[in-house]
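Novice: Provided below for reference: sequence and predicted model.
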Amino acid sequence: MRLARFKTVRGRLLALLIGIALPIACLTAITAVTTYQTVTAAIRASQMRTAEDYAVRTRVWYRGALRSLLAGGSALALNPRDSSDCGKVGGQTLARVAGYRAIHILPQSGGACAFSLDPEVNAADLAAATASLQAKPPVQIWAGAELAQARYDHVTLGGKRYLAVYARSDDAGSPMREGLLLVDPELLDQVFDLGDGEPGLVVALAGRDGDIIVSRGAAKPDDTSWLPAQDLASRDLALPAKEPWQTQSRAEVLRVYATHTVADPDFYIVASFDDAPGRAARTQFLVLLLAPLMTLALLCVVYLRAIDKHCVRWLRGIEAAARTRSTLTTARAVIADDMPSDIRSVAEAFNIMVEEQEVRQRKLQTALDDNRFLVRELHHRVKNSLQVVQSYIGLTKRDYRGEARMALADAECRVHVLSAAYRFTLADGEMQPVRVDLFVDDVVTMISNLLRRRDQWVTSTVETRASLSVDRIIPLGFLIVDVMSRALRSTPGVSIQISVSDIDDGMIEIAIEADREIAHSEPPKLFAGLVTQIEAVQAGAPEGSRLGAWRVAHSA
């Protein structure tokens, strides 16, 4: 990760934290997923083992019942007696084993021996049941060997359901050819004893047609609401299920089911489980996944707050002090006892730099003030000197007449332009731009007093608030004096008007006109230099009564 891509300290530190936390978050997520898969696989395996365990129990019980049938049937077949004696011996045999209700034996020698503890079941019923089971295929061999060809089923005789164990031997040396043992289904209760099994477990022995032979764990003996809503007969239950499946029960509750065959194809174990272990596994997965991620998120938040409190806050204080220096010269970076040492050293260095800069600024300000004082004093003395020169010229002018007097008056007027320009620019003690209206009115008044004859008139119309620097206002005054002086000398009785008006926000126009046509003379060579210094553009050439017009740009 290139931290230089991030422009702020917070961004770089946060990127570094994310660079460290992201692999940890990925490992945490992988660990959580792996743990969840392992736990769910263990739950599924446990559920399948539970179904298989009850299937093995049932098979063991059936094998025991088959052994009892083969042993009892062989004993009865080896002792041929009449039917009454056979019934007595069979009754004694059944009475010794609780739950055995009826027996029907067909010896190799012929005949039949039948007995039932239930009066509703007679020999004909037993013979019919034997014939029915004989027509059905035997169960598959368990563990590679079987005692005889057997068939496990359930029958209903005399309105009562029985577990049926049927055996047939094709060996001519066997005393018994066929035998049938009927057992009370309640005898399987001990096989389906749930013990300390997990809560919500329901186990049942079911038939191929979906009938429940015996069940344990349900709320009531005849309660079938725990069975899947899908008909059991519609599922291919002849083969063992590879893993449990989840579906809605008849009570519209999500449950997990596992099956395992007992006697293919008619008997199988159905085990129903509450989804609590699955929910616990999912909760554990969420905890394992979210707890570290939330911890990392909390760490990021705490990290950001720590950055703001112990780093960014002080840096912002230094930045704020630097920015307020333009308005508050006494601004300093805050230095506190809880500042980090490296940031504290930066703040102290900043304050030292500010103090040194203030010392330099004070020295520069002192030098600047001294310089301004000297400049003001210089301009003041220049102004006084110009006034002295103007007064001297005025006194000297009294001793002359004619052209000499006019030349001295013209010189006095030009000196007055310089004196007026300095007077206006230093009016507030500092050099500043000169207002054009005040300056032009002052110059026109001086021209009227010094250059005008009694039969001549000079007026002004100034409609502007523009200002020009002293470097431009002085040549403007010289230009006005030069144009008016030449017109007043050459034309007796003439009236001259100067007008100054705004063209737009950044341009003024200066126009000088006479009340009659006059003879225009060639301007002196310095005239073009004056126009250049003013930065003016000639708007109209001298012609007829017009003495000239110029446009001057200024700062609005």
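Specialist: Okay, I see it.

Novice: where do the helices of the protein begin and end?
Specialist: Here the chain has its helices, by DSSP state H, at 9-78, 83-96, 123-134, 276-307, 313-323, 341-397, 403-425, 436-450, 470-490, 526-534.

Novice: dump those helices into a markdown table; add distance to L117 as well.
Specialist: Heads up, the C-betas are built off the backbone N, CA and C, glycines and all. Formatted as a markdown table, the helices of the chain follow (distance: least, Cβ to Cβ, whole Å):
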| stretch | distance to L117 |
| --- | --- |
| helix 9-78 | 14 |
| helix 83-96 | 6 |
| helix 123-134 | 12 |
| helix 276-307 | 43 |
| helix 313-323 | 94 |
| helix 341-397 | 99 |
| helix 403-425 | 141 |
| helix 436-450 | 140 |
| helix 470-490 | 140 |
| helix 526-534 | 143 |
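
Novice: looking at the ones you listed, spot the one closest to D505.
Specialist: Smallest distance to D505 across the helices of the chain (Cβ to Cβ): 14.3 Å, for helix 436-450.

Novice: by contact count, what packs against the closest one?
Specialist: Applying 3 or more Cβ pairs under 8 Å, 6 or more residues apart in numbering; DSSP states H and E, we find helix 436-450 packed against helix 403-425, strand 457-463, helix 470-490, strand 495-504.

Novice: for A148, which of these is the nearest?
Specialist: Of these, nearest to A148 by Cβ to Cβ is strand 495-504, at 126.2 Å.

Novice: how about that closest one: buried residues?
Specialist: For strand 495-504, the buried set under the neighbour-count rule, 16 or more other Cβ atoms under 10 Å, comprises I496, Q497, I498, S499, V500.

Novice: would you list the residues you listed in a markdown table and tack on pLDDT?
Specialist: Putting the buried residues of strand 495-504 into a markdown table (pLDDT from 0 to 100) gives the following:
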| residue | pLDDT |
| --- | --- |
| I496 | 93 |
| Q497 | 93 |
| I498 | 94 |
| S499 | 94 |
| V500 | 94 |
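
Novice: out of those residues, the closest to D399 would be?
Specialist: Closest approach between the buried residues of strand 495-504 and D399, by Cβ to Cβ: I496, at 28.3 Å.

Novice: least confident of the helices of the chain, on average?
Specialist: Of all the helices of the chain, the minimum mean pLDDT falls on helix 83-96 (a mean of 70).

Novice: hmm, who's touching that one?
Specialist: Residues from elsewhere that reach helix 83-96 (Cβ atoms under 8 Å, 6 or more residues apart in numbering): 72, 75-76, 79, 81, 100-103, 105, 112-115, 117.

Novice: dump that helix to PDB, restricted to CA.
Specialist: Extracted in PDB, the C-alpha atoms of helix 83-96 (Å, rounded to 0.1, in the frame of the first residue of the first chain):
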ATOM      1  CA  SER A  83     -52.700 -79.800  17.200                       C
ATOM      2  CA  SER A  84     -53.900 -79.400  20.800                       C
ATOM      3  CA  ASP A  85     -50.500 -80.400  22.200                       C
ATOM      4  CA  CYS A  86     -48.800 -78.100  19.800                       C
ATOM      5  CA  GLY A  87     -51.000 -75.300  20.900                       C
ATOM      6  CA  LYS A  88     -50.100 -75.900  24.500                       C
ATOM      7  CA  VAL A  89     -46.400 -76.000  23.900                       C
ATOM      8  CA  GLY A  90     -46.700 -72.900  21.700                       C
ATOM      9  CA  GLY A  91     -48.600 -71.100  24.400                       C
ATOM     10  CA  GLN A  92     -46.000 -72.000  27.000                       C
ATOM     11  CA  THR A  93     -43.300 -70.700  24.600                       C
ATOM     12  CA  LEU A  94     -45.100 -67.400  24.000                       C
ATOM     13  CA  ALA A  95     -45.800 -66.900  27.700                       C
ATOM     14  CA  ARG A  96     -42.100 -67.000  28.500                       C
END
